[in-house]
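Engineer: The following comprises the amino acid sequence and a computationally predicted model.
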Amino acid sequence: MSAKQRYDALRSDRSQYLDTAREAADLTLPYLIRGEEDTLRGPRHLPTPWQAVGAKGVVTLASKLMLALLPPQTSFFKLQVDESALGEQFPKEARTELDISFSKIERVMMEDIAASEDRVIVHQALKHLVVGGNALLYMGKDKLRLYPLNRYVVDRDGDGNVLEIVTKETINRDLLPKALKLNPQVNHPGDVYTEGGRTDEVDVYTHVKRDNNRFIWHQEVEDEVIPGSQSKSPLDTNPWLPLRFNTVDGEMYGRGRVEEFIGDLKSLEALSQAVVEGAAAASKVVFVVSPSSTTKPATLAKAGNGAIIQGRPEDVGVIQVGKTSDFATAYQLMGTLEQRLSDAFLILSIRQSERTTAEEVRSTQLELEQQLGGLFSLLTVEFLVPYLNRKLSTAQKSGLIPRLPKGLVKPTIVAGINALGRGQDAESLARFLGTIAQTIGPEAIQQYVQMGEVVKRLAAASGIETLNLVRSDEEVQAEAQQQQQQMMQLEQQKLQVDAMKAPINDPSKQPPEE
C-alpha cells in the first residue's frame with residue numbers, strides 16, 4: 001500500500017479530532033489550525049472572534065509551559081553516573097571530576113539549544129497542543145519542524161505506542177530531485193496547471209513505520225519513492241515526536257485544553273457578540289419630532305451647536321434602547337466566565353485592592369503553578385525525554401560533545417513536573433523552618449537542624465548546581481578547626497607579649513630588709 005493510500009485510510013479516524021481542533025481555534029487563534037482543504041498555500045479567510053480571552057489564555061499557558069519545560073537560565077536535564085554500575089569502591093575524586101565534566105556537557109548542550117530555533121518551534125507546538133491537543137515535531141539535523149494536525153495522521157497500539165505516521169506536504173515540482181520521473185498526466189485536486197499541462201505543485205507523503213526496535217521512513221510523490229529519502233533510527237532516538245496534551249484510553253489522538261472549557265468559551269463568545277452589537281445599537285443617537293410640531297426636522301438637523309431655533313422641547317425626543325438592566329446581567333455573567341477561563345489557562349488575576357500584599361500575589365501564583373502538575377506529566381514523557389535523547393545522540397555523532405558510555409551515564413530530566421516538585425519542596429522547607437522559629441525559637445534551628453543539609457536542599461529546589469559552590473561538612477569542620485587553631489595561636493602570642501612587658505624582679509634593686 002502506498003503512502004497516499006495509507007494516509008487516506010487513516011484520515012477518517014482523524015476527522016473528528018480535526019473538526020474539534022478547528023472549532024477550538026476559531027474561538028482562540030483562528031490562524032493556528034485549519035481544515036484538510038487548507039493545506040495549500042495562498043490567502044485564506046479566517047473568522048474573527050468577538051472576545052480575546054481565549055487567545056490570551058492560549059498564549060499565556062503556552063508561555064508558562066515553555067518556560068517550565070525549557071527554562072532559559074538553567075538546564076532542563078542533568079547527567080548522572082549510575083551508582084550501581086560504579087560500585088562503592090569508586091574514588092570520590094573521580095566522582096567530582098565526572099560531575100565537572102558533566103556540567104560542561106550540559107552547558108554546551110544548552111548553548112546549542114539557545115543558538116538554534118528550537119524554542120520558537122516548541123512554543124508554536126505548545127500552542128497547537130493547548131488548542132488542538134496534537135502536534136508533530138520532526139527533529140532534523142539542522143532544526144525542528146512542526147506539522148499541524150491537518151498535515152499528518154498517526155496510528156497507535158492499545159498502549160499508546162506509535163506504530164505508523166504519515167505526513168502530507170505540498171511543494172513546488174521544481175524542488176523534487178531531477179532523477180525522479182513523474183507522470184505529467186497525473187492530476188490532483190487543487191493543483192495549479194501551467195500552459196504545458198504540468199502541475200506546479202505536488203503532494204509529498206512521508207511514511208514512517210515501526211519495524212521491531214527501530215523506525216524506518218521514506219518519501220513518495222505520486223506513488224513513486226523519492227531517491228535518497230529512505231532513513232531509519234532506533235526507538236530511543238526517534239526524530240518523529242507525535243505529541244499529545246491529554247490522552248484518552250483507546251484514542252489515537254489527544255485532546256486540547258481549549259476543548260475542556262469550550263462550553264465557557266462558546267458562552268462568552270455569544271455574550272460578547274450580543275453585548276457588542278447591543279452597545280452599538282444603544283450608542284446610536286436618533287431624534288424624533290412630533291408630526292404636529294412647528295419645529296421642522298430639517299431645521300433641527302441643520303442647527304449647529306449652540307444654535308437657537310423656534311420650537312417646543314416636548315415636541316423633540318430621543319429614542320432610547322432601555323436595556324441597561326439586561327446589559328448589566330450579561331456583563332456580570334461575562335465577568336464570571338472570564339474569571340473561570342483565566343483560572344483554567346493560568347492567567348494571574350491580581351485582586352484590585354489597596355491592601356493587596358506581595359505575599360498574596362505570590363501565593364496566588366503558586367496556586368496557579370500547582371495546577372500544571374497534570375499538564376507536565378505527559379509532556380515530560382512524550383516530549384522532554386525523547387527530545388533530550390535525540391539531542392544527545394546528534395551532538396555525539398557531530399562531535400559537539402564526547403561519547404557517553406552506555407549503561408554508565410544516565411540523563412535525568414529536572415524540568416517540567418520535577419521542577420514543580422522542587423518548588424513545592426522549597427515552599428515546604430521554608431514553612432518548616434518558619435514554624436520552628438515561631439513556636440520554639442530561632443535558637444532551636446541552630447540546635448536541632450543541620451544547616452548544611454538545609455542549604456543543599458534549598459539549592460536543589462532552586463535548580464542550582466552545588467558543585468564547588470556549597471562547602472561540604474568536612475570542609476566546614478576543617479575551616480572551623482583552622483580558625484580555632486589560629487585563635488589559640490593568637491592567645492599564646494598575646495600571653496608571650498604580656499610576659500615580656502611585665503617588670504623583672506632584680507634583687508639588687510629591692511629595698512634592704514630591716
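Structural biologist: Yes, it's here.
Engineer: Name the residues that touch stretch 211-228?
Structural biologist: Stretch 211-228 has contacts (Cβ atoms under 8 Å, 6 or more residues apart in numbering) with 2-4, 165, 176-177, 179-183, 186, 202-209, 229-235, 238, 240. Yep, even glycine has a C-beta here, placed from its N, CA and C like the rest.
Engineer: Which of these are buried, as a PyMOL select command?
Structural biologist: Here is the PyMOL command that selects only those of these that count as buried (16 or more other Cβ atoms under 10 Å):
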select buried, resi 3+4+165+176+202+203+204+205+206+207+208+209+229+233+238+240
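Engineer: Sitting in helices, which of the contacts of stretch 211-228 do you find?
Structural biologist: Of these, the ones assigned to helices by DSSP state H are 3-4.
Engineer: Now go through the contacts of stretch 211-228 and say which are in strands.
Structural biologist: Those of these mapping onto strands are 165, 202-209, 231-234, 240, per DSSP state E.
Engineer: May I see the buried residues of stretch 98-105?
Structural biologist: Residues 98-99, 102-103, 105 are the ones in stretch 98-105 that count as buried (16+ other Cβ under 10 Å).
Engineer: Ok, stretch 298-311 next?
Structural biologist: For stretch 298-311, burial by neighbour count (16+ other Cβ under 10 Å) applies to 300, 311.
Engineer: now stretch 1-12
Structural biologist: 3-4, 6-7, 10.
Engineer: out of the residues you listed, who's nearest Ser393?
Structural biologist: Using Cβ to Cβ, Ala3 comes nearest to Ser393 of those, at 26.0 Å.
Engineer: The ones in strands among the contacts of stretch 211-228 into CSV, with extra columns for distance to Ala499?
Structural biologist: Output for the ones in strands among the contacts of stretch 211-228, formatted as CSV (distance: Cβ to Cβ, whole Å):
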residue, distance to Ala499
Ile165, 90
Val202, 102
Asp203, 101
Val204, 97
Tyr205, 98
Thr206, 92
His207, 95
Val208, 90
Lys209, 93
Ser231, 87
Lys232, 87
Ser233, 82
Pro234, 80
Trp240, 85
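Engineer: Kindly indicate which of the residues you listed lies nearest Leu392.
Structural biologist: Using Cβ to Cβ, the ones in strands among the contacts of stretch 211-228 come closest to Leu392 at Pro234, 12.6 Å.
Engineer: just to revisit the earlier point, the ones in strands among the contacts of stretch 211-228: which two are farthest apart?
Structural biologist: The widest separation within these (Cβ to Cβ) is 31.5 Å, between Val202 and Pro234.
Engineer: how about low-confidence regions in the chain?
Structural biologist: 37-44, 83-96, 179, 181-199, 349-370, 372-374, 416-425, 460-469, 473, 501-514 (pLDDT under 70).
Engineer: domains of this structure?
Structural biologist: 261-352, 473-501 (automatic domain parsing).
Engineer: and the ones you listed, which is most packed in?
Structural biologist: Ranked by mean neighbour count under mean count of other Cβ atoms under 10 Å, the domains of the chain are led by domain 261-352, which reaches a mean of 13.
Engineer: Can you list phi and psi of the nearest residue to Arg210 once chain neighbours are set aside for me?
Structural biologist: In this structure, Arg210 finds its nearest non-sequential neighbour in Leu163, 5.2 Å apart by Cβ to Cβ, 6 or more residues apart in numbering. Backbone torsions for Leu163, taken as degrees, to the nearest 10, come to phi -110, psi -30.
Engineer: What separation do you get for Leu163 and Arg6?
Structural biologist: Distance of Leu163 to Arg6, given as Cβ to Cβ, to the nearest Å: 11 Å.
Engineer: Same check on Gln450?
Structural biologist: Gln450 is 62 Å from Arg6, by Cβ to Cβ.
Engineer: ok, back up a step: could I get the contacting residues of the residue nearest to Arg210?
Structural biologist: So Leu163 contacts 155-157, 209-210 (Cβ under 8 Å, 6+ apart).
Engineer: Kind regards, and thank you for your time.
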